[in-house]
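1. sequence and predicted model, in that order:
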Amino acid sequence: MDLELITVGTELLLGHTVDTNGAELGRALAAAGIRVVRRTSIPDEEAAIRDAVAEALRRSGAVLTTGGLGPTRDDVTKKVVAELFGAPLQFDEAIWERLLERFRRLGRPPAPSNRSQAEVPRGATVLPNRWGTAPGLWLEGAPGLAILLPGVPTEMRNLLHHEVLPRLAARGGGRVVRSRVVRTTGIAESALAERLAGVEPLVAPLSLAYLPGLAGVDLRLTAWRLPPDEAERRLDAAAALLRERGGEFVYGADDDDLAALVLAEARRRGWKLAVAESCTGGLLGGRITAVPGSSDVFVGGVIAYDNRVKLDELEVGAAVLAAHGAVSEPVALAMARGVARRYRTELALAITGVAGPAGGTPEKPVGTVWYAAAMEDTAVARRYVFPGTRDEVRARAAQAALFLLYRLLRGGASG
């Protein structure tokens, strides 16, 4: 079954609100075997809503809208869709009584405008909203199928999972749309594409998408409208092929977080981890402590932004700093060894660099970062010139340092 999404709200177009509803709907509908063929955001205007819904019904025969079901003057989605279906609004006493009961529980009276939320297009199926005041609606008729959900994310989510998906799943014919992600880092999209040259025909009928981001390039495989068992079998085989072709740059799957994987490897060995950061200023420690349970591995760190901290807290030699500068391999290695020694840990990470936008030189341009990983008696460092803004350089540096330690723990970054 094909379906179009329409998210209603002028605030979405102004950028004041991020359209999280659209993303969640796309994932949930795909899992139920429903293919979303188009997603549109429109303002709270009758003409825009009428045109978008009518066009979606003509193209696909099914549309799901979010937003515009509240009691205020700009909530006109229900009115417009009712007109398209030739279904005049009728006041529903049962809905009004449920609304009154909800307001009694909240200890406040309803506004006169709330009565409009008890108006229902003739012949529509009401989707009870136990989480808010605006019920969802399910309309079927000559134009096709229209599903109307409120725009409040919690209300939309609950109505989707409790009321909409069970109805749509029955129309899916037992076929599903499922995705699998192979996560890579430390390799550019173009270089990764070269490694994967010719792989698309081998994974067909699955589709393959490259999704570059600050953490690396995710490879998303999608099975479209296949029986569940066949989808899983094909996804397993295709993901294994991508992992083989991606080689040492592959670190995980789906929602795997590199910091969590590093912590798991350290935990398995009973080891502790400390960090020393200059240009990232605590970002690396933040990545690690964002993982639940990190306290059984991570002991802490030093933000050595000024050279005096490198000298005093990490025992980086003054001669080393004078000879090589703060952004250098010897200093990165000394920072890693120094923080491991200070906190008596088996593992350590260190980052020092020029995050920009100023401070670069011809020898060390903006984006130059040295990062190091120490594991017991072994320490390795790498240099990279990261592109992007200051925040992007810092984020990429933290990811690169974690990946270096991950590979060291897995036996792939020594020397």
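-> On my side now, so go ahead.
2. I'd guessed Arg195 sits against Gly247; true?
-> Yes. Between Arg195 and Gly247 there is a contact under CB atoms under 8 Å: 7.3 Å. Heads up, the C-betas are built off the backbone N, CA and C, glycines and all.
3. looking at these two, which is more packed in?
-> Neighbour tally, Arg195 and Gly247, criterion other CB atoms under 10 Å: the higher count belongs to Arg195, 15 against 11.
4. residues touching the more buried one, list them.
-> Ile187, Arg245, Gly246, Gly247 (CB atoms under 8 Å, 6 or more residues apart in numbering).
5. PyMOL command to pick out the buried ones of those?
-> A single PyMOL command is used to select the members of the contacts of Arg195 judged buried by 16 or more other CB atoms under 10 Å:
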select buried, resi 187+245+246
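6. just to check, Val81 is in contact with Pro121?
-> Yes. Look at Val81 against Pro121 with CB under 8 Å: they come within range, at 7.1 Å.
7. shared neighbours of these two, anything?
-> Contacts common to Val81 and Pro121, judged by CB under 8 Å, 6+ apart, are Leu137, Leu139.
8. for the contacts of Arg195, which two are the farthest from each other?
-> Comparing all pairs in those by CB to CB, the longest separation belongs to Ile187 and Arg245, at 11.3 Å.
9. return the member of the contacts of Arg195 nearest to Leu89.
-> Using CB to CB, Gly246 is the member of the contacts of Arg195 that sits closest to Leu89, with 55.5 Å.
10. need the pLDDT of the closest one.
-> Per-residue confidence at Gly246 stands at 97 (pLDDT).
11. equivalent analysis for the one 10 residues further on, please.
-> At Asp256 the predicted local confidence, pLDDT, stands at 96.
12. would you agree it falls within a strand?
-> No. Assessed with DSSP: H, G, I helix; E, B strand; the rest coil, Asp256 is coil; it does not lie in a strand.
13. count of neighbours near the nearest residue to it once chain neighbours are set aside?
-> With CB to CB, 6 or more residues apart in numbering as the criterion, Asp256 has its nearest non-adjacent residue at 5.8 Å, and that residue is Arg183. Around Arg183 there are 24 other residues, counting by other CB under 10 Å.
14. who does the stretch of helix or strand Arg183 belongs to pair up with?
-> According to DSSP states H and E, Arg183 maps onto strand 176-184. The strands that strand 176-184 pairs with in its sheet are strand 216-226 (antiparallel), strand 250-253 (antiparallel) (by DSSP bridges).
15. check what pLDDT the residue lying farthest from the centre of the chain gets.
-> Relative to the C-alpha centroid of the chain, counting by CA atoms, centre = their mean, Ala319 is the outermost residue, at 44.9 Å. Looking at Ala319, its pLDDT stands at 97.
16. what's the host helix or strand of it packed up against?
-> Secondary structure assigned from DSSP H and E places Ala319 in helix 318-324. On a contact count with 3 or more CB pairs under 8 Å, 6 or more residues apart in numbering; DSSP states H and E, helix 318-324 meets helix 307-312, helix 329-343.
17. now render the ones you listed as JSON lines, adding mean pLDDT.
-> Converted to JSON lines, those look like this (pLDDT from 0 to 100):
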{"stretch": "helix 307-312", "mean pLDDT": "97"}
{"stretch": "helix 329-343", "mean pLDDT": "98"}
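18. so what's Ala62 up against?
-> Ala62 makes contacts with Met1, Asp2, Leu3, Glu4, Ala56, Gly144, Leu145, Ala146, Ile147, as judged by CB under 8 Å, 6+ apart.
19. tally of neighbours for Gly293?
-> Around Gly293 there are 11 residues (other CB under 10 Å).
20. start the count at 6 instead of 1 going forward.
-> Renumbered: residue one is now 6, and that last one reads Gly298.
21. and what about the closest residue to it other than its chain neighbours, helix, strand or coil?
-> Spatial nearest neighbour of Gly298, excluding adjacent residues (CB to CB, 6+ apart): Leu268 at 7.5 Å. The local conformation at Leu268, judged by three-state DSSP, is helix.
22. wait, what's in contact with Leu268?
-> Contacts for Leu268 (CB under 8 Å, 6+ apart) come out as Leu278, Ile293, Val296, Gly298, Ser299, Val302, Phe303.
23. what about those, which are in helices?
-> Ile293 (DSSP state H).
24. near Ala323, how many other residues are there?
-> Residues near Ala323, counting by other CB under 10 Å, number 10.
25. what's the spacing between the residue nearest to it when sequence neighbours are not counted and Gly305?
-> Leaving aside its chain neighbours, Ala323 sits nearest to Leu316 (6.1 Å; criterion: CB to CB, 6+ apart). Counting by CB to CB, to the nearest Å, the separation of Leu316 from Gly305 is 19 Å.
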